[in-house]
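Engineer: Okay, sequence plus prediction incoming.
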Amino acid sequence: MAPGGSVCKEVVESLPTVADYEVGMTKTESNPTTTKSSVGFVGKHVHSNNGVYQLLECPLCKNLMYSPIHQCPNGHTLCLNCKIRVHNCCPSCHYDLGNIRCLALEKFAESLELPCKYQSLGCHDIFPYYSKLEHEQHCRFRPYNCPYAGSDCSVTGDIPTLIAHLRDDHKVDMHDGSTFNHRYVKLNPHEVDSATWMLSVFNCFGKQFCLHFEAFQIGMAHVYMGFLRFMGDDNEAKMFSYSLEVGANGRKLIWQGIPRSIRDSHRKVRDSQDGLIIQRNLALFFSGGDRQELKLRVTGRIWKED
């Protein structure tokens, strides 16, 4: 038993027992001097020939550990998230973890420089160990979330992957060109508080844009909203503008704006009201007839700013 250590009363049985690490420096047979090992990095994991860098992997979740790095009285290390998961009980020796920090390992991590985990997607920058995590949260090469708004879709990927996914899995409308003329129809609109119409994707200027249209409530008001999102990062989205227009009976309502990046979720854009908003009564007036059915024609245009 480690001095001052105590065995945990309860052990989390669903978590695997982790073997102790054995750390050894690689030596060449012809030269007793320790040689510097080659290190390769894949995703979140660090791979090394000599096992030293493996010490920075949490033995449970296999992610890189960041300060604070915790250890039990016997020296087994664990990341903060896993320390909480195992209820402060070391999964290797079942001793109480307490609040012991592995300061030596934290200091060792400061000396490292690692590539971005999105290296395979095109990011070739190298970062100090503790700067890497912050960079990855904003890396322009990180995968995008699926922009489809009709369901909770967990698919992520680069733009070509998402375009194929939207076409093949969600069966969205795909169009070429920078102008469009859509009609949105809904029977008994007074009985519907919220609705989402099929997403349309436009391919123009070598880029892709998503047109959203839906019904929802702002406070007590029933409204329809149309807006455009750009399939790419925000800095590229600002290079484009778009307009949406509805009208009938000598009246016209026009919205002009900058498409939002799909980095911003569909809900975030909708809730910010950054788009064409039409009160339900006005939308039914534009629909004509007895105002019992929505037949709203929306025309639009996308252009590139000089």
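Structural biologist: Sure thing, it's come through.
Engineer: any chance you could map the strands in the stretch 101-250 of the chain?
Structural biologist: In the stretch 101-250 of the chain, the segments counted as strands under DSSP state E, counting those that start in this stretch are 113-115, 126-128, 144-145, 156-157, 173-176, 179-187, 195-196, 200-204, 207-218, 221-230, 240-248.
Engineer: Relative to the longest one, what are the paired strands and their orientations?
Structural biologist: So the one you mean is strand 207-218. In the sheet, strand 207-218 lines up against strand 195-196 (antiparallel), strand 200-204 (antiparallel), strand 221-230 (antiparallel) (DSSP bridges).
Engineer: Same question for the fourth one.
Structural biologist: In the sheet containing strand 156-157, the strands it pairs with under DSSP bridges are strand 144-145 (antiparallel).
Engineer: Need the residues that contact the partner strand.
Structural biologist: Contacts of strand 144-145 with the rest of the structure, by C-beta atoms under 8 Å, 6 or more residues apart in numbering, involve 153, 155-159, 162, 231, 262-263, 265. Any C-beta I mention is one placed from the backbone N, CA and C, and that applies to glycine too.
Engineer: now stretch 222-229
Structural biologist: Contacts with stretch 222-229, where a contact means C-beta under 8 Å, 6+ apart, come from 147, 184, 193, 209-217, 242, 244, 255, 257, 259-262, 264, 266, 269-270, 273-280, 283, 294, 296, 298, 300, 302.
Engineer: ok, now how distant is Arg251 from Ala283?
Structural biologist: Per C-beta to C-beta, to the nearest Å, Arg251 is found 12 Å from Ala283.
Engineer: Could you do Tyr95 as well?
Structural biologist: Tyr95 is 66 Å from Ala283, where distance means C-beta to C-beta.
Engineer: Who has more neighbours out of those two?
Structural biologist: Neighbours were tallied for Tyr95 and for Ala283 using other C-beta atoms under 10 Å; the higher tally belongs to Ala283 (22 against 19).
Engineer: quick one, what contacts that one?
Structural biologist: By C-beta under 8 Å, 6+ apart, Ala283 lies in contact with 189, 224, 246, 294, 296.
Engineer: Which two among those are spaced furthest apart?
Structural biologist: Greatest spatial distance in these: Pro189 and Val246, 14.6 Å, computed using C-beta to C-beta.
Engineer: where are the low-confidence patches of the protein?
Structural biologist: 1-53, 150-151 (pLDDT under 70).
Engineer: Which parts of it are helices?
Structural biologist: 80-85, 103-110, 129-138, 159-168, 234-237, 266-271, 280-287 (DSSP state H).
Engineer: ok, and which of those has the densest surroundings?
Structural biologist: helix 280-287 (a mean of 19; mean count of other C-beta atoms under 10 Å).
Engineer: between that helix and strand 207-218, what angle do the directions make?
Structural biologist: Taking axes from the mean of the first three to the mean of the last three C-alpha atoms, to 10 degrees, helix 280-287 and strand 207-218 form an angle of 120 degrees between their directions.
Engineer: out of the contacts of stretch 222-229, which are buried?
Structural biologist: With burial judged by 16 or more other C-beta atoms under 10 Å, the buried subset of these is 147, 184, 209-215, 242, 244, 255, 259-262, 264, 266, 269-270, 274-278, 280, 283, 294, 296, 298, 300, 302.
Engineer: ok, back up a step: relative to Tyr66, which of the contacts of Ala283 is nearest.
Structural biologist: Tyr224 (45.9 Å).
Engineer: ok, the closest one to Leu284 distance?
Structural biologist: Tyr224 is 10 Å from Leu284, where distance means C-beta to C-beta.
Engineer: Many thanks, I have nothing further to ask.
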